[in-house]
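*Asks:* I'd like to go over a predicted model; first the sequence, then the structure.
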Amino acid sequence: PLELTLYVPSTQGEKTLTSTEVQKGRIAEAEGEMSKIFGGTTEVSAVGRWYNKDGEFIKEPVGKVTSYTTPKDFNKGKAQFEKYVTQIAKRYNQSSITLEYEGDMFFFNNPDKRGDKNE
């Protein structure tokens, strides 16, 4: 099987932390969407840290929602999944959403935030 992980942010924009209930809802939504597309999920909590483009150190809780799927089901659901990731990037006002595919990390950019220096 193939492994695909979606990192669900707990912030609205880059710095505004959401409530625990909002984050739980985001994770539940991701689990539902990925389960429909790929057949199931596993979720774990983690903490993400990075430096933003202004040199500020950002730290936030994240939900890691992982699906294990077949190459056939991955190819069948890829367009639907990419559409979902684009939608949440916009709704959560994120410049990008982090994905992990087969152990490699990718950043799925929000097309509305390209080149935007202001949050």
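*Replies:* The structure has been received and is ready for your questions. The model shown is predicted, which means the values in this text are computed figures rather than measured ones.
*Asks:* Contacts made by the one helix or strand residue 105 maps to with the rest, please.
*Replies:* Per DSSP states H and E: residue 105 is located in strand 104-109. Contact partners of strand 104-109, identified using Cβ atoms under 8 Å, 6 or more residues apart in numbering, comprise 82, 85-86, 89, 95-100. For every residue, glycine as well, the C-beta is placed using N, CA and C.
*Asks:* Could you export the lengthiest strand in the chain as CSV, CA atoms only?
*Replies:* For the chain, the strand with the greatest residue count under DSSP state E is strand 57-69. This file holds the C-alpha atoms of strand 57-69, laid out as CSV (Å, rounded to 0.1, in the frame of the first residue of the first chain):
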residue,chain,number,x,y,z
PHE,A,57,9.7,30.8,15.0
ILE,A,58,6.2,29.3,14.7
LYS,A,59,5.0,26.4,16.8
GLU,A,60,1.6,24.8,16.6
PRO,A,61,-0.2,21.6,17.3
VAL,A,62,-1.1,19.6,14.2
GLY,A,63,-3.2,16.5,13.5
LYS,A,64,-1.4,14.0,11.2
VAL,A,65,-4.1,12.1,9.3
THR,A,66,-2.7,9.1,7.4
SER,A,67,-4.3,6.9,4.7
TYR,A,68,-2.8,3.7,3.4
THR,A,69,-4.2,3.0,-0.1
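*Asks:* Note down every partner strand of the strand holding residue 105 and its orientation.
*Replies:* Take DSSP bridges as the rule and strand 104-109 pairs in its sheet with strand 96-101 (antiparallel).
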